[in-house]
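Chemist: Sequence and predicted structure are below.
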Amino acid sequence: MILSISGVVLLGVIVFLFFRKDSLKASHAIVCALFGFYLAGTAIAPSIQAGGASLANLLGGIKI
């Protein structure tokens with residue numbers, strides 16, 4: 001749950017920065033949000049979540 005919330009916040013910040021730099025129009029952001037909303041209801045959603053969790057574990061294991 002914490003990973004999901006932090007992921008949403010991170011993606012929200014990225015979208016905001018793209019929107020602020022004028023490289024993302026409001027209509028594009030709405031289409032992306034709707035695509036993600038509808039994609040979450042498909043059969044591929046668990047695979048996407050597993051891939052995101054795997055990526056988070058990989059990034060969390062990097063020692064700098």
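Modeler: Nice, thanks for sending it over.
Chemist: all helices for this structure, in order.
Modeler: 2-20, 26-39, 45-60 (DSSP state H).
Chemist: per-residue confidence averaged over the last one?
Modeler: Per-residue pLDDT values across helix 45-60 average out to 86.
Chemist: tilt between that helix and helix 26-39?
Modeler: Interaxial angle of helix 45-60 relative to helix 26-39 (axes from the mean of the first three to the mean of the last three C-alpha atoms, to 10 degrees): 110 degrees.
Chemist: Can you list the helices and strands that helix 45-60 packs against?
Modeler: helix 2-20 (3 or more C-beta pairs under 8 Å, 6 or more residues apart in numbering; DSSP states H and E). All C-beta atoms are positioned from the backbone trio N, CA, C, and that covers glycine.
Chemist: Now do the helix it packs on: everything it contacts.
Modeler: Residues outside helix 2-20 that contact it (C-beta atoms under 8 Å, 6 or more residues apart in numbering) are L24, K25, A26, A29, C32, G52, A53, A56.
Chemist: Flag every buried residue along that helix.
Modeler: Buried residues in helix 2-20, counted by 16 or more other C-beta atoms under 10 Å: none are found.
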